[in-house]
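Enquirer: what follows is a protein structure lacking sequence information:
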């Protein structure tokens, strides 16, 4: 935790050592570290962070998305990782375009991602490759549209 | 118009797939209206006799789009929505959201407000655990604990009503501190309740801890190993009953929790009985924290921070200075605009790790609010707890996860 406040999250260094192109951007804000990871490196980076003995990000606290409509790339998927042993937190961020909102599922690394990814699919229409059971979770099965997208109206009838 | 042809009408959509005729399993639909699902949870069970082969929780019946609604409210207005996420622990949700926005703004809260926040959230934890204890016991056939538990909870509810004006939807924590100065004599009421509570907890333990039926219904039921719990993202008493000593209050202290002396309660059983013991012990720890907080809370002092343009000025200032009046007007009409950025604030709610993600785009309304609700994640582990057990144990497994469906569906 202290390391995070000093702006030197050890995970950033490890990721850079592993593959410099896997770290597109590092953002420090209010003591939180965000690492923007290109989509193709997400799975590798996640595996490294979960297995690396000096980090052990074995707990996926949260997985959610943000719609930056009408900007491109439109979607941001945030992975909030927690290392219970090292008391570290880290946010991984993957940016996805409107035309191709697909990212690989992390359920094989953190099984808890199953419902999180179903919720993100339900609310944003982002697809997760190799997800074991990708169907709607909160909205009815026959619902049209994805409610948390910014171009989805808050009120009224469609 | 075409003649109505019954063959063309598609069959009604249903998620229950009938079992193949030759297999001797049965599909049973439990819920959404079922007394032991604590709300509207539907579980599709595949049974071999009375043994559960597969359990599939279906959720979303209480989905009200709280996260979407937050995006069209100002930061302060959204507090009222957080009450309604987890209606058994509204103050915990208030706290998580307020801390997240305060982190986004980068403001410090007066110590007095921090201690009062700790005191009230610990009372919330006690009240929530009492509801859990009562309903879990009634599910398993012990009626009297329910009646006793609600008797004590009512006393805590009265404190909330006295302090905030509301029993349940308190909205008492505001960005920057508290909504109002606590009324005179409120600490005496708190003292009366926490002094009587330990004796009542002993009564519950007399009824349950060594009760043969209680042990038969909970011991060895709903096993969850530490590795599975971490992999499934399970948190709170469930995780601690599996032997993982992780408590946000200790690991990432917020609101001055580092100044309080308390222990993380763990058990190694990983079953329903271990979770019962953990929650009972947590009530006792919370009483300890409340007593310390009562000693720490200064009788006088500011109950919210003073930041011009963000925190409403005091009544006195609003009535006597022109700046105060202008800021008051602007805060309540336009709101305030935090700098662009994103934060993720985690607190320990009665049910586990409650995370609040707030993204700002520099406007007076949050761009995105996401609640990482512990019930949602903990419920995901239900199939792990229930598969291989009998139908009657499913009730124990649902009860022991302590879900609040409002929090699952948001």
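Expert: Okay, I see it. Every value quoted in this text rests on a predicted model; they were computed, and no experiment measured them. Residues are numbered from 1 along each chain as shown, chains lettered A, B, ... in the order given.
Enquirer: now do residue B:19, the pLDDT please.
Expert: For residue B:19, the pLDDT comes out at 50.
Enquirer: check contacts around residue 68.
Expert: All of this is about chain A. A:74, A:75, A:76, A:150 (Cβ atoms under 8 Å, 6 or more residues apart in numbering or on different chains). In short, each C-beta sits where N, CA and C put it, glycine included.
Enquirer: you answered for a different chain; I wanted chain B.
Expert: A:147, A:148, A:152, A:154.
Enquirer: report the entries of those residues that also contact chain B.
Expert: A:147, A:148, A:152, A:154 (Cβ under 8 Å from any Cβ of the partner chain).
Enquirer: now those residues: which count as buried?
Expert: Buried members of the ones next to chain B among the contacts of residue B:68, counted by 16 or more other Cβ atoms under 10 Å in any protein chain shown: A:147, A:148, A:152.
Enquirer: closest residue of the stretch 201-350 of chain B to chain A?
Expert: Nearest residue of the stretch 201-350 of chain B to chain A: residue B:233, at 3.0 Å (Cβ to the nearest Cβ).
Enquirer: which parts of the stretch 151-300 of chain B sit against chain A?
Expert: Residues of the stretch 151-300 of chain B that fall close to chain A, judged by Cβ under 8 Å from any Cβ: B:230, B:231, B:232, B:233, B:234, B:244, B:246, B:251, B:252.
Enquirer: burial of the closest residue to the third one other than its chain neighbours, as a residue count?
Expert: Meaning residue B:232. Leaving out its chain neighbours, the residue that sits closest to residue B:232 by Cβ to Cβ, 6 or more residues apart in numbering or on different chains is residue B:381, at 4.5 Å. Neighbour count of residue B:381, defined by other Cβ atoms under 10 Å in any protein chain shown: 23.
Enquirer: kindly report the same for residue B:316.
Expert: Residue B:316, neighbours per other Cβ under 10 Å, totals 9.
Enquirer: and it, how far is that from residue B:369?
Expert: Distance from residue B:316 to residue B:369, counting by Cβ to Cβ, to the nearest Å: 33 Å.
Enquirer: and residue B:380, by the same measure?
Expert: Taking Cβ to Cβ, one finds residue B:380 at 21 Å from residue B:369.
Enquirer: and the residue in chain A positioned nearest to chain B, what pLDDT?
Expert: Residue nearest to chain B within chain A: residue A:112 (3.0 Å; Cβ to the nearest Cβ). For residue A:112, the pLDDT comes out at 91.
Enquirer: buried residues in the helix ranked longest in chain A?
Expert: Assignment by DSSP state H gives helix A:113-124 as the longest helix of chain A. Going by neighbour count (16+ other Cβ under 10 Å), the buried part of helix A:113-124 is A:113, A:114, A:115, A:116, A:117, A:118, A:119, A:120, A:121, A:122, A:123, A:124.
Enquirer: so how far is residue A:55 from residue A:17?
Expert: 12 Å.
Enquirer: comparing these two, which shows the higher neighbour count?
Expert: Set residue A:17 next to residue A:55 and count neighbours by other Cβ under 10 Å: residue A:55 wins out with 21 against 9.
Enquirer: secondary structure element for the more buried one?
Expert: Secondary structure assignment for residue A:55, by DSSP states H and E: no helix or strand.
Enquirer: and if you look at the one 5 residues further on?
Expert: Using DSSP H and E, residue A:60 falls within strand A:59-67.
Enquirer: returning to that earlier point: grab the nearest non-local neighbour of the residue of chain A closest to chain B.
Expert: Residue A:112 sits nearest to residue B:233 (Cβ to Cβ, 6+ apart), 3.0 Å away.
Enquirer: residues of chain A that sit close to chain B?
Expert: Checking chain A against chain B by Cβ under 8 Å from any Cβ, the hits are A:1, A:29-30, A:32, A:34, A:58-62, A:64, A:66-67, A:78, A:80, A:84, A:87, A:89, A:91, A:110-112, A:114-116, A:123, A:136-142, A:147-148, A:152, A:154.
Enquirer: are any of those buried, and which?
Expert: A:29-30, A:32, A:34, A:58-62, A:64, A:66-67, A:78, A:80, A:84, A:89, A:91, A:110-112, A:114-116, A:123, A:136-139, A:147-148, A:152.
Enquirer: so which residues of the chain form strands?
Expert: Since no chain was named, I'll use chain A. Using DSSP state E, the strands of chain A run over residues A:25-29, A:32-36, A:59-67, A:75-83, A:88-96, A:102-104, A:127-129.
Enquirer: actually chain B
Expert: B:26-30, B:42-48, B:51-58, B:173-174, B:177-178, B:341-349, B:352-360, B:368-372.
Enquirer: how about the second one: buried residues?
Expert: The one in question is strand B:42-48. Result for strand B:42-48 [16+ other Cβ under 10 Å]: buried residues B:42, B:43, B:44, B:45, B:46, B:47.
Enquirer: which of the residues you listed lies closest to residue B:283?
Expert: Lowest distance from residue B:283 to the buried residues of strand B:42-48 (Cβ to Cβ) belongs to residue B:43, with 28.3 Å.
Enquirer: before we move on, back to that, return the distance of the residue of the stretch 201-350 of chain B closest to chain A relative to residue B:353.
Expert: 9 Å.
Enquirer: shared neighbours, those two?
Expert: Common neighbours of residue B:233 and residue B:353 (Cβ under 8 Å, 6+ apart) are residue A:61.
Enquirer: so the residue nearest to residue A:112 is in contact with residue A:63, correct?
Expert: No: taking contacts as Cβ atoms under 8 Å, residue B:233 lies outside contact range of residue A:63: 9.3 Å.
Enquirer: so which of the two has more stuff around it?
Expert: It is residue B:233, of residue B:233 and residue A:63, that has more neighbours when counted by other Cβ under 10 Å, with 29 against 25.
Enquirer: residue contacts, that one?
Expert: Contacts of residue B:233 (Cβ under 8 Å, 6+ apart): A:59, A:60, A:61, A:110, A:112, B:377, B:380.
Enquirer: now those residues as JSON lines including distance to residue B:57?
Expert: Formatted as JSON lines, these follow (distance: Cβ to Cβ, whole Å):
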{"residue": "A:59", "distance to residue B:57": "21"}
{"residue": "A:60", "distance to residue B:57": "19"}
{"residue": "A:61", "distance to residue B:57": "21"}
{"residue": "A:110", "distance to residue B:57": "19"}
{"residue": "A:112", "distance to residue B:57": "14"}
{"residue": "B:377", "distance to residue B:57": "12"}
{"residue": "B:380", "distance to residue B:57": "8"}
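Enquirer: got any ranges where chain A has weak pLDDT?
Expert: By pLDDT under 70, the weakly predicted segments of chain A are A:1-7, A:156-158.
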